[in-house]
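Enquirer: I would like to see how this sequence folds:
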Amino acid sequence: MTTLLREAGAGDAQALDRVFAAVYAELRRLARLVRRGQPGATLSSTALVHEAYLKLVPAADQEWRGRAHFFALAARAMRQVLVDAARARLRAKRGGGAQLVTLDGAAAAAPLRPEHLIALDAALERLAALEPRHARVVECRYFAGLTAEETAALLDVSVPTVNRDWRAARAWLAAELGDA
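Expert: Now for the predicted structure:
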């Protein structure tokens, strides 16, 4: 995969397609985790993966640093797709039946209104300005559905560091979002 990513960075237009094909099943699994408890959502897991891929394609000629870097960018792309979909639902005033975003990885998702997802995205942007790694941990854990172990490998830190960052980020976001 690292070789394919290097080829994509060097200008091989088909290399990113081959990477996508190689990790498609894993990306769908992550998308299903992100969407758990949201069976009526506008985007299916497949659509989420495809939309995230479309966000990654323009970055094909960037310098990829390997598998972990690819999945970090895929997590960010999934977050952007979900937030864009929430904004579209708000614009269309179709908020009924959406799902609640929780930052507790063990909790099943409860009903969410699109404005909560948008508020979470804005809070994550503020968190990223203060503690970039904490925001990346939230992206990996919540938006990409990764475990603490997978997140640690992706960010090249220890599992206890991920767990500390996850707790700190959740506390900061809870204080920042208040009732939302």
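Enquirer: contacts, neighbours, all on C-alpha from now
Expert: Will do.
Enquirer: which parts of the longest helix belonging to the chain are buried?
Expert: Using DSSP state H, we find that the single longest helix of the chain is helix 67-91. Judged by neighbour count using 16 or more other CA atoms under 10 Å, the buried positions of helix 67-91 are 67-83, 85-87, 89.
Enquirer: cool, and stretch 133-151?
Expert: Quick answer for stretch 133-151 (16+ other CA under 10 Å): 133-146, 148, 150-151.
Enquirer: try stretch 165-176
Expert: Applying 16+ other CA under 10 Å to stretch 165-176 flags 165-167, 169-170, 172-174, 176 as buried.
Enquirer: out of those residues, which one sits closest to Arg29?
Expert: Trp166 (21.4 Å; CA to CA).
Enquirer: which residues touch that closest one?
Expert: Contacts of Trp166 were listed using CA atoms under 8 Å, 6 or more residues apart in numbering, and they are 134, 137-138.
Enquirer: and if you look at Cys140?
Expert: Residues in contact with Cys140, defined by CA under 8 Å, 6+ apart, are 72, 75, 146, 151.
Enquirer: That one in helix, strand or coil?
Expert: Put simply, Cys140 is helix when judged by DSSP: H, G, I helix; E, B strand; the rest coil.
Enquirer: I'd like the distance between it and Ala75.
Expert: According to CA to CA, to the nearest Å, Cys140 and Ala75 sit 6 Å apart.
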